[in-house]
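# sequence and predicted structure are below.
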Amino acid sequence: MEKPLTEHIRPEGPPLGLDEYRKNGGYEALRTALADSAPREVTEIVEKSKLRGRGGAGFSTGMKWSFVPMGDNAPGRKYFVCNADEMEPGTFKDRYLMEGNPHLLLEGMILGAYAIQAPVGYIFLRAEYRASEKALATALREARENGLLGENILGSGFDHDIHLHTSAGRYICGEETALLNALEGRRAVPRAKPPFPPVVGLWGKPTIVNNVETLCNIPPIVRRGAEWFRGLGRGDEAGTKLYGVSGRVRRPGLWELPLGATLREIIEEHAGGMAEGYQFRGVIPGGASTDFLVEEHLDLPMDFGSVQKAGSRLGTGTMIVLDDRTCPVGMVLNLERFFARESCGWCTPCRDGLPWIEKILEAIETGEGREDDLDVLRQHAGFLGPGRTFCAFAPGAVEPLQSALKYFEDDFRRHVNGHGCPYQAQPATA
Amino acid sequence: MLTDTERREIEAELPHYPRRQALCIEALKVVQRHRGWVNDEALRDVGDYLGMSEHEVDSVATFYNLIYRREVGRNVIHLCDSVSCWVMGCDRVREHLEQKLGIRTGETTPDGRFTLLPIPCLGDCDRAPSFMIGRDLHGNLNLENIDTILERYE
Ligand SMILES: Cc1cc2nc3c(=O)[nH]c(=O)nc-3n(C[C@H](O)[C@H](O)[C@H](O)COP(=O)(O)O)c2cc1C
Ligand code: SF4
Ligand code: FES
């Protein structure tokens, strides 16, 4: 099984240095692309590879790049930004890549910047990722000292430099237009779209924002070709995916598998099944803002299309398992409390609706719930749905809520009718 | 007034951005690193330096949760309370910490040694429950190992 993203990473070990990275074929894609390919050809190969963004929305990477104005009349200032904010609860995949093989990300960024002809790049990194910051700072220095960044990269005439920006916290910074405002030193509220960042982005200039995992796929695609990459997926979708599992499973962790591995395979084989004494009840498949899946979905291939057809989203591909001894209402309360706290406050349904949802859930969980609360919750899920707010935060926030109401309705009713939570608090375990 | 060191550290970032005001967050972080937290005077200092009003700087400072607008202790414990940690029992960890330190979340111990704050997912979910003290991440917490970890912080 091929693992282009993680094959050289030493789990728990130090990050790959420049020499090691090069020994394994690192920066060869950059060297050949700069020497032999026009920028447009790099975008084309990425389009042909069918790579879809790994930041959560699954948008075609090549298509996104193709929206950037090119040619003599295009603005000279353009930006290439890596989204390394990774604050989606339950998600820990980008960190693994940055701590393990930072040059893979840098090479992907330089290739992307070349494709859109951007002289300046930023890595927007959450401040808590100290090990990633160290690994990236070292890799950036090595790259600059070896002519891989700066002026006239590898003698090609292309100039590019990357600056590492560490954030100051808040989940909404990961939304790409909020991220641009944060980079400009402002409050990180999302921007109205359109215009979209590839046309009007950072300081009004064309800007590409891509996720860490997305970008780590670029060097192998450029080096080994679109067809090879498409062949890596199990079904119709291309490439590998970093899947993660947390919760009460035997071996929580992260694995690079063909895109389209099944939920059962990931949870039972790789995560070792449920921990002693716990049974599987459900899973949020791709970080906090995705709909629950349950037992009937265990044989679902975890690719963008299949998960969407089942009523959820692949999201970040890092899943959180709900077991039979953990209260589903409590879990949803935890999620909505997070969203209520992290809302940027720009749109009314999101700013006011989420604390309201949180209050109702708290009432239900503590035995103060009423029969009609479930309807009110369902109504809110509609008010916060797609198209009613400036950004995808609000629709994402109600995804776990609406699906919990569907799959765990009995649990909600037991709380209301029994005036309290029938579950016992579970211990803190390591 | 910003100290010379603060000014130097902020200025080092200047070449990376086309506009001076982009340094606002960076400047707040620099000042916080030296002064522990961002008080009103610090807001004015950063504002004077960047050509922004105190209120503009405050609107940025209050948005970001790692900029402290209130005094914090020598060691800030950021306890993850997001979903994976919640499933793995972070409420028990919080109860234990609150009891041991004699404070509630959001407060600082009287000796100024610890402040306890919540934080969204630390990206350590496979080792949940987790917290960060200062800038050190600690995962696989349980009621036995927490006390030994705390001892390392003066
Ligand atoms: C509330 C919210 C938070 C987000 N957080 C992140 C994040 O932390 N990292 C990320 O890569 N994308 C995040 N995204 C998605 C970005 O807006 C954007 O789609 C993504 O960075 C594009 O990269 P991709 O095309 O490579 O997937 C978030 C979106 C929303 C609505
Ligand atoms: S949906 Fe929520 S997070 Fe997004 S812009 Fe509106 S208020 Fe802010
Ligand atoms: S949910 Fe606590 S580290 Fe991710």
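Sure, I can see it. Ligands and ions are numbered 1, 2, ... in the order given.

# so which residue is smack in the middle of the chain?
Answering for chain A, as no chain was given. Centroid check for chain A by C-alpha atoms, centre = their mean gives A:Gly55 as the closest residue, at 3.0 Å.

# chain B, not that one
The structure's chain B has its C-alpha centroid closest to B:Leu66; by C-alpha atoms, centre = their mean the separation is 4.1 Å.

# ok, that residue - contacts?
The neighbours of B:Leu66, taking C-beta atoms under 8 Å, 6 or more residues apart in numbering or on different chains as the test, are A:127-128, A:167-169, B:29. Where you see a C-beta, it was placed from the backbone N, CA and C, and this is true even at glycine.

# before we move on, the earlier item: let's see the pLDDT reported for the residue nearest to the centre of chain A.
pLDDT, A:Gly55: 96.

# host element of it?
Assigned by DSSP states H and E, A:Gly55 belongs to neither a helix nor a strand.

# okay but it is in contact with A:Thr316, surely?
Yes: with contact defined as C-beta atoms under 8 Å, A:Gly55 counts as touching A:Thr316 (7.4 Å).

# what is the neighbour count of A:Glu47?
A:Glu47 has 17 neighbours, counted by other C-beta atoms under 10 Å in any protein chain shown.

# contacts only, for it.
Contact analysis of A:Glu47 by C-beta under 8 Å, 6+ apart lists A:60, A:62-63, A:65-66.

# any idea of the pLDDT on the closest residue to A:Tyr407 other than its chain neighbours?
Distance criterion C-beta to C-beta, 6 or more residues apart in numbering or on different chains; nearest residue to A:Tyr407, sequence neighbours excluded, is A:Val294 at 5.1 Å. On the pLDDT scale, A:Val294 is placed at 98.

# how much space is there between A:Val294 and ligand 3?
Using C-beta to the nearest ligand atom, to the nearest Å, A:Val294 is found at 21 Å from ligand 3.

# hmm, that residue is touching A:Ile284, no?
No: if you go by C-beta under 8 Å, A:Val294 and A:Ile284 don't touch, sitting 10.8 Å apart.

# more neighbours, those two?
Legend: neighbour count by other C-beta under 10 Å for A:Val294 and A:Ile284, higher for A:Ile284 (31 against 16).

# may I have the beta-bridge partners of the more buried one?
Counting by DSSP bridges, A:Ile284 is bridged to A:Ile320.

# ok, now which ones touch it?
Counting by C-beta under 8 Å, 6+ apart, A:Ile284 touches A:90, A:290-293, A:312, A:319-320, A:322, A:400, B:83.

# now render those as TSV, adding neighbour count, secondary structure and distance to ligand 2.
Listed next are those as TSV, based on neighbours: other C-beta atoms under 10 Å in any protein chain shown; DSSP: H, G, I helix; E, B strand; the rest coil; distance: C-beta to the nearest ligand atom, whole Å:
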residue	neighbour count	secondary structure	distance to ligand 2
A:Gly90	33	coil	19
A:Thr290	27	coil	16
A:Asp291	24	coil	18
A:Phe292	27	coil	21
A:Leu293	23	strand	24
A:Ser312	22	coil	20
A:Met319	29	strand	23
A:Ile320	32	strand	21
A:Leu322	25	strand	25
A:Pro400	27	helix	16
B:Val83	29	helix	18
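
# adding distance to B:Glu6, write those residues out as a markdown table.
Converted to a markdown table, the contacts of A:Ile284 look like this (distance: C-beta to C-beta, whole Å):
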| residue | distance to B:Glu6 |
| --- | --- |
| A:Gly90 | 37 |
| A:Thr290 | 43 |
| A:Asp291 | 47 |
| A:Phe292 | 48 |
| A:Leu293 | 50 |
| A:Ser312 | 48 |
| A:Met319 | 44 |
| A:Ile320 | 41 |
| A:Leu322 | 48 |
| A:Pro400 | 43 |
| B:Val83 | 38 |
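
# who are the packing partners of the helix or strand where A:Leu242 lies?
When elements are assigned from DSSP H and E, A:Leu242 belongs to strand A:240-246. With contacts taken as 3 or more C-beta pairs under 8 Å, 6 or more residues apart in numbering or on different chains; DSSP states H and E, strand A:240-246 sits against helix A:93-100, strand A:253-258, strand A:318-323.

# if we go to 7 Å?
Identification of packing neighbours for strand A:240-246 by 3 or more C-beta pairs under 7 Å, 6 or more residues apart in numbering or on different chains; DSSP states H and E yields strand A:253-258, strand A:318-323.

# is ligand 3 within reach of the last one?
No: where contact is defined by C-beta under 6 Å from any ligand atom, no part of strand A:318-323 touches ligand 3; the two come within 7.8 Å at best.

# what's that strand packed up against?
Using 3+ C-beta pairs under 7 Å, 6+ apart, strand A:318-323 sits against strand A:240-246, strand A:280-284, helix B:83-87.

# and the angle from it to strand A:240-246?
In terms of direction (axes from the mean of the first three to the mean of the last three C-alpha atoms, to 10 degrees), strand A:318-323 departs from strand A:240-246 by 30 degrees.

# what element comes up after strand A:318-323 heading to the C-terminus?
helix A:328-342.

# is chain B within reach of that next one?
Yes: using C-beta under 7 Å from any C-beta of the partner chain, we find that helix A:328-342 touches chain B at A:331, A:334-335, A:338, A:342.

# in the helix or strand that comes right after that helix, which residues are buried?
As assigned by DSSP H and E, the chain's next helix or strand after helix A:328-342 is helix A:348-365. Going by neighbour count (16 or more other C-beta atoms under 10 Å in any protein chain shown), the buried part of helix A:348-365 is A:349-350, A:353-358, A:360-365.

# stretch A:221-228 too?
Under the neighbour-count criterion of 16+ other C-beta under 10 Å, stretch A:221-228 has A:221-224, A:226, A:228 buried.

# now the helices for chain B?
Along chain B, the segments classed as helices by DSSP state H run B:4-11, B:24-35, B:40-50, B:54-61, B:83-87, B:90-101, B:145-151.

# averaged pLDDT, the shortest one. What do you get?
Across helix B:83-87, the average pLDDT comes to 97.

# go on, stretch A:231-251?
97.

# tabulate the CA atom coordinates of that stretch in CSV.
Extracted in CSV, the C-alpha atoms of stretch A:231-251 (Å, rounded to 0.1, in the frame of the first residue of the first chain):
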residue,chain,number,x,y,z
GLY,A,231,-5.0,5.0,-8.8
LEU,A,232,-4.3,5.4,-5.1
GLY,A,233,-8.0,5.8,-4.1
ARG,A,234,-10.1,2.7,-3.6
GLY,A,235,-13.2,3.8,-5.5
ASP,A,236,-13.7,6.7,-7.9
GLU,A,237,-11.9,9.2,-5.7
ALA,A,238,-8.2,9.9,-5.9
GLY,A,239,-5.3,9.7,-3.5
THR,A,240,-4.8,8.6,0.1
LYS,A,241,-6.3,10.1,3.2
LEU,A,242,-5.1,10.6,6.7
TYR,A,243,-7.9,9.0,8.8
GLY,A,244,-7.9,9.5,12.6
VAL,A,245,-9.9,8.0,15.3
SER,A,246,-10.4,9.2,18.9
GLY,A,247,-12.8,8.3,21.7
ARG,A,248,-13.1,5.0,23.6
VAL,A,249,-11.4,2.8,21.1
ARG,A,250,-8.5,0.4,21.8
ARG,A,251,-5.9,2.3,19.8
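
# what's the domain layout of the chain?
Going with chain A. Residue ranges for the domains of chain A, per automatic domain parsing: A:18-230, A:240-323, A:329-425.

# not what I meant, chain B
Domain ranges of chain B: B:4-63, B:75-150, per automatic domain parsing.

# deepest-packed of these, please.
The highest mean neighbour count among these, using mean count of other C-beta atoms under 10 Å in any protein chain shown, belongs to domain B:75-150: a mean of 20.

# look up how far ligand 2 lies from A:Ile172.
Computed as C-beta to the nearest ligand atom, the A:Ile172 to ligand 2 distance reads 5 Å.

# let me redo that: A:Phe412
According to C-beta to the nearest ligand atom, A:Phe412 stands 25 Å off from ligand 2.

# you'd agree that residue is up against A:Glu365?
No: applying C-beta atoms under 7 Å as the test, A:Phe412 and A:Glu365 come out as separate, 9.7 Å apart.
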